[in-house]
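Enquirer: Sequence and computational prediction follow.
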Amino acid sequence: MSSRPLVFMWIAEYEDGTVFPQFDPKTGKENRFGDIDMTRLKRFGWHNFSPELARELFVKGVEVESTYPPISAVLELQRGEELVAVRRHTRKYGFSPMGRIYDRGESPIVYVLGVKDKAYIFIDEDGTIAMSTDFNYK
């Protein structure tokens, strides 16, 4: 079974106003999260894919889904705050009456954004947003 398509991508913005997106809008090349310069990071956000970028990435073999209306969740970081930005999902398994294990597929992806040990935003694939001070909320 293939992975679920991405519904949101991250974009990092630095203090000087330059941006570092997960996917380059001109080439479709994926940048690594580990290449974000955290020492200069000012804002970070999860943004859904525009139809144009989704088509561009599809042609390049990247599974993404464009949703409407446009949704963005952006966090402005203060000096000394530690960014938390993750995608979470799990694979579900079940047991048949004969005792065999079978794959029930992947759960929907939850996109998490927050400041470590402070507050977190949880975004479901359908754009539903929830907030909590508990990182394990969803």
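Expert: Here it is on my side, so go on.

Enquirer: What ranges does this structure have for its helices?
Expert: 51-59 (DSSP state H).

Enquirer: Farthest from the middle of it: give me that residue.
Expert: Relative to the C-alpha centroid of the chain, counting by CA atoms, centre = their mean, Met98 is the outermost residue, at 38.0 Å.

Enquirer: Show the model's pLDDT score for that residue.
Expert: pLDDT recorded at Met98 is 81.

Enquirer: just His89 next, same as before
Expert: With respect to pLDDT, His89 scores 85.

Enquirer: Neighbours of it, how many?
Expert: 14 (other CB atoms under 10 Å). Quick note: C-beta positions are derived from backbone N, CA and C, even for glycine.

Enquirer: Quick check, it in contact with Leu6.
Expert: No - look at His89 against Leu6 with CB atoms under 8 Å: they stay out of range, at 10.7 Å.

Enquirer: what do the two both touch?
Expert: Contact with both His89 and Leu6 is made by residues Ile109, according to CB atoms under 8 Å, 6 or more residues apart in numbering.
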